[in-house]
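Peer 1: Got a sequence here, can you model it:
(chains A and B)
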Amino acid sequence: MNLYRSHIGRVITPIIVSLTYIFLYLPIVVLVVFSFNDGNFAQGWQGFSLRWYASMIDSPEILSALKASLIVATSSTVLSLIFGTAAVVATRWLRSRVYLSVFYANVLIPDLVLAIGTLCLFSTLGIPLGYKSLITGHTVVGLGFVIPMVAARFNQIDPLLTEASFDLGATQWQTVWHVIVPLLMPALIASSLLVFTLSLDDFIISFFCSGTQIETLSVYVYDQIKNMIDPRINALSTCLLLASSVSVMTLSYFKILDQVVHHE
Amino acid sequence: MRKLREMLHKELPLLMSLPAFLWEFYFLIIPIVVIAAYSLLVPGVKDGIALTTEHYLNLFSTSYAVIIFNSSLLALVTAVLTLIIAYPVAYYLAVRAKRFKNTLLVFLILPSWTSFIVQVYSWFYLLQKKGLISTVLYRIGLSGEYVSLLNGLGASTLGMVYCYLPFMVLPIFTVLDRMDNRLLEASADLGASWWQTMKHIVVPLSLSGVKIGLLLVMIPAFGEFAIPDLMGGVKRTYVGSVVMEKFMMYRSWHSGAAMVMVSIFIPLLIIALFSIARWWWELSSRGDA
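Peer 2: Numbers count the residues shown, from 1 in each chain, chains lettered A, B, ... in the order given. Just a heads-up that it's a prediction; the model follows:
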């Protein structure tokens, strides 16, 4: 009986795992294949072509959405990285790390709540929605990832290293720049890649807070696919998939994916 | 001058941590307070402030109760289905995958690092009328005509499970990955069956991960509007879609704000019920042993 049951576990688990990966990748593979189709959805497969990529690059709406997304993602990554790292380093000197756990709320609070909150705040103050509201919202989410990841790395730093730096006559700033920041680098790279990707992919905050003037990539895609299948969106999606693959592979190559996983 | 420098030196940590905390206060805490204020105020009162619980009381009317029920059901079904799929995957990755662990992990995370809008869109080719699945069904004669599988509860649930799966796998994986594998060997050496090992060692150790996974899936799933909107047609309404309509179309922000507040509390309520169930389960399994 024991033997029989252990076989169930041994055989069924790998089958479930394989089926799960097929489930995850089947739609993605179909999407990517049809981005190279020389025809639209109704015509079926018409042979290989790059025409949808060409028409994607020619589309002014896609280019301006890309520009908006890149501006928001870059600004919120830079802001959350600087503010977050400064806060982590400083609270260590204050000898109190308790305050940092406040920032776990940023990840746990649903995007919908944050988006509606930002929307309400900006309209109550009479500030028009746009880059400002998008960047503030995305930076709040960003801080929720940067601070725990950088703090985890900071805790691993051997205090002897900073003491040695002070003993050798380095000032606080020199210690920060030449000792602490280089040691934090893996966490800084990992968290900035994560925050950039999350911002680029974000839909909910972008949907509620972008206002009438700008449109980010995911909002553009949402508006397009509500109506019908558009092979240009396949081309665009393939590019987005490629971008996130590069960022995940980079993390995995530098062996810092674990940090991301353990904090996601 | 020297005094100034000394002061700056002393206060430097405070100054450095200030931006992050101010940001947190102004752009996270204040916005939630503003939502709460909207949900409690009477619309259109220009002079002074008039408080009301009307927006919350309205939520008890039948039409809203149905919407809240729909969203709870969607969140619950998504959570249960992702848990059923995620648990064996997380177990396999943490305990059995060994050499392939990192590769499998990368490929698990990869889809979720793309916008979920793209993930939903990728299902369109499979589910649409004359899409891959309906074509196959038609060709092998299982259905007499091309059918669109893109409408209804089934498609929304599929989309939800697809998008939320990694958020259930990762926390369970994290906990099981830290588990000492010698525990499993010891259990086997002592003659425990696979089932006994699972019940008395693996499952109890993984419960904290399961709880985080449930949080990560249920809270956003309750407020989700884009996935059911894109995949399920307009047959059912959910809390997220009502919030969206109230804020973006009808501009009835006050009752919308009340719904947002509810969307924070109801998932927490469901999770509290889960914790009670877990506590009860622990008590009863202790009784077994």
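Peer 1: Where does the stretch 101-250 of chain A get nearest to chain B, which residue?
Peer 2: Nearest residue of the stretch 101-250 of chain A to chain B, counting by Cβ to the nearest Cβ: A:Gly117, 2.7 Å away. The C-beta positions use only the backbone N, C-alpha and C, and glycine is treated the same way.
Peer 1: distance of that residue from B:Ser63?
Peer 2: Noted for A:Gly117: a distance of 25 Å to B:Ser63, by Cβ to Cβ, to the nearest Å.
Peer 1: So for the two, which residue has more residues nearby?
Peer 2: Neighbour count, other Cβ atoms under 10 Å in any protein chain shown: between A:Gly117 and B:Ser63, A:Gly117 has more, with 29 against 10.
Peer 1: quick one: that one is in a strand?
Peer 2: No. Going by DSSP: H, G, I helix; E, B strand; the rest coil, the assignment for A:Gly117 is helix, not a strand.
Peer 1: so what's the residue of the stretch 101-250 of chain A closest to chain B closest to, chain neighbours aside?
Peer 2: Distances taken as Cβ to Cβ, 6 or more residues apart in numbering or on different chains place B:Pro31 nearest to A:Gly117, at 2.7 Å, with adjacent residues excluded.
Peer 1: May I have the residues that are in contact with that neighbour?
Peer 2: A:114, A:116-118, A:120-121 (Cβ atoms under 8 Å, 6 or more residues apart in numbering or on different chains).
Peer 1: can you redo the residues you listed as JSON lines with distance to A:Tyr222 and pLDDT?
Peer 2: As requested, the contacts of B:Pro31 are arranged in JSON lines below (distance: Cβ to Cβ, whole Å; pLDDT from 0 to 100):
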{"residue": "A:Leu114", "distance to A:Tyr222": "18", "pLDDT": "92"}
{"residue": "A:Ile116", "distance to A:Tyr222": "17", "pLDDT": "93"}
{"residue": "A:Gly117", "distance to A:Tyr222": "21", "pLDDT": "94"}
{"residue": "A:Thr118", "distance to A:Tyr222": "18", "pLDDT": "94"}
{"residue": "A:Cys120", "distance to A:Tyr222": "22", "pLDDT": "92"}
{"residue": "A:Leu121", "distance to A:Tyr222": "23", "pLDDT": "94"}
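Peer 1: which residue is nearest the middle of chain B?
Peer 2: Closest residue to the average C-alpha location of chain B: B:Val217 at 2.0 Å, with Cα atoms, centre = their mean.
Peer 1: where does chain B dip in pLDDT?
Peer 2: By pLDDT under 70, the weakly predicted segments of chain B are B:1-10, B:44-48, B:233-235, B:287-289.
Peer 1: Could you pull out the helices in it for me?
Peer 2: Residue ranges of the helices in chain B, as given by DSSP state H, are B:2-24, B:30-40, B:54-58, B:62-91, B:101-109, B:116-127, B:132-139, B:153-178, B:182-189, B:194-197, B:203-223, B:226-231, B:239-248, B:253-288.
Peer 1: ok, then the element right after the host helix or strand of A:Thr85?
Peer 2: Following DSSP states H and E, one finds A:Thr85 within helix A:60-93. The first helix or strand that comes after helix A:60-93 along the chain, using DSSP H and E, is helix A:104-108.
Peer 1: list the buried ones in that following helix?
Peer 2: By neighbour count on 16 or more other Cβ atoms under 10 Å in any protein chain shown, the buried set for helix A:104-108 is A:106-107.
Peer 1: Is chain B within reach of that helix?
Peer 2: Yes. Judged by Cβ under 8 Å from any Cβ of the partner chain, helix A:104-108 and chain B are in contact via A:105-106, A:108.
Peer 1: and the residue nearest to B:Val260 when sequence neighbours are not counted, how many neighbours?
Peer 2: Among residues not flanking B:Val260 along the chain, A:Ile116 sits closest, at 5.0 Å (Cβ to Cβ, 6+ apart). A:Ile116: 32 surrounding residues under other Cβ under 10 Å.
Peer 1: Just confirm A:Ile116 contacts B:Gly256, I think it does.
Peer 2: Yes. A:Ile116 is in contact with B:Gly256 according to Cβ atoms under 8 Å; the separation is 7.3 Å.
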